[in-house]
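Trainee: Below: sequence and its predicted model.
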Amino acid sequence: MPHTNTGIDPLSAVTHPDPYPYYRELATSRPFFRDERLGLWVAAGQREVAAVLAHPDCRVRPPAQPVPPALAGTAAGDLFGRLIRMNDGAAHVPLKALLIPMLADIAPATAAQHVAAMAKVFDAGAASRAALCGECVNRWLFALPVVTVADLLGLPVAGDGGRAAQVAQYVAAFAAAQSPLASAQAVDAGAQAAQWLGAWLADAAPADDRLSALRQAARAAGIDARAVAANIIGLLVQACEATAALAGNTLLRLGRDTPQSGLPLDAVVARVAREDPPVQNTRRFLAADAQLCGHAVKAGDAVLVLLAAASCSGAAAGERPWTFGHGRHACPGDRLAQALAAATVAALRARGADPAALAQAFRYRPSLNARIPHFL
């Protein structure tokens, strides 16, 4: 049910100016409840969020709908269906076992160096001081982390700013098509993007680097090359909206809270990940009737898992931020994402972006799960 004073509800909270008092109220007084208007169970308390994410019958997709209907039968749907993070079961465990250590092996300092190098690639194709305008900041937030991950993997983006920007554009289009809010035009653009990205990745000749090693290990393990390709694109997608949100919310924090501007940037990013998280919620779908958090839930029921509410319940400094999830679908790139966000903010500030000015003119992008500032 909506909050009686503000009209806020668990979905509109994502783009509300200040949803955190509401999240704290839910975590304290209604840690697990049924919202009949939304047709969802809602998990808000830390214990309840953890229980849902750990429950074997809580799946990342509805069992009868492995791919969103709008994407079914398209290149975007084919790619989506191969993503590890969108599948449960043992089939994807071998590839996941290769991806997790590959990401963990990327040191934050290495990520920061690659961000700085890719920022210079973008500089070569941009007008001087272009990052001062809000729209330019938006473009950099969505592009720089994506092409940096591509560069870290050994994909050919560092030598061509135009191609790098094109890769980022197609990754953003595929990411946008996955949203329930996507228009038919956005879904079509996402399908075209998935097709382009697949062809680009197939033609790319990576350096003798992480991607070459991954492909070799996957072949030795008998893993389908199409699954490897899809999940490499998936890594780029995960570096897109969520990292743009984390970097954008960090710019807002710096613009609103002058004392924090004196802290090390990685410390500010870590606080933002806990206190103004980029991914505010996720969903789980019941594969069978079950008892969940003291309630009888039925097969087919959906649970909205409020990661941001769990974070409001007292996550301590140094703990893994709830925004990166927990359990078998926890994001394996949490350390990398924070390093990318910090280095992206540093690159923008070095080019004249002013957090205080940006914080004066922005809105949140329409979304049901990600809190992404759009600077005006």
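Mentor: Yep, that arrived.

Trainee: A helix includes residue 144, no?
Mentor: Yes: applying DSSP: H, G, I helix; E, B strand; the rest coil, one finds residue 144 inside a helix.

Trainee: quick one: contacts for the nearest residue to it once chain neighbours are set aside?
Mentor: The shortest distance from residue 144 to any non-neighbouring residue, by Cβ to Cβ, 6 or more residues apart in numbering, is to residue 344 (5.0 Å). Heads up, the C-betas are built off the backbone N, CA and C, glycines and all. Residues near residue 344 by Cβ atoms under 8 Å, 6 or more residues apart in numbering: 115, 140-141, 144-145, 243, 247.

Trainee: next one: residue 202
Mentor: residue 229.

Trainee: Secondary structure element holding it?
Mentor: helix 184-203 (DSSP states H and E).

Trainee: With just CA atoms, put the helix or strand following that helix into CSV.
Mentor: Counting by DSSP H and E, the next helix or strand C-terminal to helix 184-203 is helix 210-220. Coordinates of each C-alpha in helix 210-220 appear next as CSV, following Å, rounded to 0.1, in the frame of the first residue of the first chain:
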residue,chain,number,x,y,z
ARG,A,210,41.7,-11.8,-20.4
LEU,A,211,39.2,-12.5,-23.1
SER,A,212,41.5,-14.8,-25.0
ALA,A,213,42.2,-16.7,-21.7
LEU,A,214,38.5,-16.9,-21.0
ARG,A,215,37.7,-18.3,-24.4
GLN,A,216,40.5,-20.8,-24.2
ALA,A,217,39.3,-22.0,-20.7
ALA,A,218,35.7,-22.2,-21.9
ARG,A,219,36.6,-24.3,-24.9
ALA,A,220,38.6,-26.7,-22.6
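
Trainee: What sits closest to residue 375 if chain neighbours are left out?
Mentor: residue 134 (3.4 Å).

Trainee: My guess is that neighbour contacts residue 360. True?
Mentor: No: contact between residue 134 and residue 360 fails when scored by Cβ atoms under 8 Å: they sit 9.9 Å apart.

Trainee: Compare those two (neighbour count), which wins?
Mentor: The neighbour count for residue 134 versus residue 360, taken as other Cβ atoms under 10 Å, is higher for residue 134 (18 against 13).

Trainee: how close does that one sit to residue 119?
Mentor: Computed as Cβ to Cβ, to the nearest Å, the residue 134 to residue 119 distance reads 18 Å.

Trainee: which residues sit against stretch 149-160?
Mentor: Outside stretch 149-160, the residues that touch it by Cβ under 8 Å, 6+ apart are 106, 110-111, 114, 117-118, 121, 147, 163-164, 167, 201, 204-212, 232, 235-236, 239, 336, 340.

Trainee: now those: which count as buried?
Mentor: 106, 111, 114, 118, 121, 147, 163-164, 167, 201, 204, 206, 210-211, 232, 235-236, 239, 336, 340 (16 or more other Cβ atoms under 10 Å).

Trainee: Find the centremost residue of this structure, please.
Mentor: In the chain, the centroid-proximal residue (Cα atoms, centre = their mean) is residue 242; its distance is 3.0 Å.

Trainee: got the buried residues for the one helix or strand it maps to?
Mentor: Taking DSSP H and E as the criterion, residue 242 maps to helix 241-256. Residues of helix 241-256 classed as buried by neighbour count (16+ other Cβ under 10 Å): 241-255.

Trainee: Can you dump the C-alpha atoms of that helix in PDB for me?
Mentor: Output in PDB follows, covering the C-alpha atoms of helix 241-256 (Å, rounded to 0.1, in the frame of the first residue of the first chain):
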ATOM      1  CA  GLU A 241      23.300   1.700 -16.300                       C
ATOM      2  CA  ALA A 242      24.300   0.600 -12.800                       C
ATOM      3  CA  THR A 243      27.700   2.200 -13.000                       C
ATOM      4  CA  ALA A 244      26.300   5.300 -14.600                       C
ATOM      5  CA  ALA A 245      23.900   5.500 -11.600                       C
ATOM      6  CA  LEU A 246      26.700   5.000  -9.000                       C
ATOM      7  CA  ALA A 247      28.900   7.600 -10.600                       C
ATOM      8  CA  GLY A 248      26.000  10.000 -11.100                       C
ATOM      9  CA  ASN A 249      24.800   9.600  -7.500                       C
ATOM     10  CA  THR A 250      28.400  10.300  -6.400                       C
ATOM     11  CA  LEU A 251      28.500  13.500  -8.400                       C
ATOM     12  CA  LEU A 252      25.200  14.500  -6.600                       C
ATOM     13  CA  ARG A 253      26.700  13.600  -3.200                       C
ATOM     14  CA  LEU A 254      29.800  15.700  -3.900                       C
ATOM     15  CA  GLY A 255      27.600  18.600  -5.100                       C
ATOM     16  CA  ARG A 256      25.300  18.600  -2.100                       C
END
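
Trainee: Render the CA-only coordinates of the helix or strand residue 121 falls within in CSV, please.
Mentor: Under the criterion of DSSP H and E, residue 121 resides in helix 108-124. Extracted as CSV, the C-alpha positions of helix 108-124 are listed here (Å, rounded to 0.1, in the frame of the first residue of the first chain):
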residue,chain,number,x,y,z
PRO,A,108,41.0,-1.1,-8.7
ALA,A,109,44.2,0.7,-9.6
THR,A,110,44.3,-1.1,-12.9
ALA,A,111,40.7,-0.2,-13.6
ALA,A,112,41.4,3.4,-12.8
GLN,A,113,44.3,3.5,-15.2
HIS,A,114,42.2,2.1,-18.0
VAL,A,115,39.4,4.7,-17.3
ALA,A,116,41.9,7.5,-17.5
ALA,A,117,43.3,6.1,-20.8
MET,A,118,39.8,5.7,-22.3
ALA,A,119,38.9,9.2,-21.2
LYS,A,120,41.8,10.4,-23.4
VAL,A,121,40.4,8.4,-26.3
PHE,A,122,37.1,10.2,-25.9
ASP,A,123,38.9,13.6,-25.6
ALA,A,124,40.3,13.1,-29.0
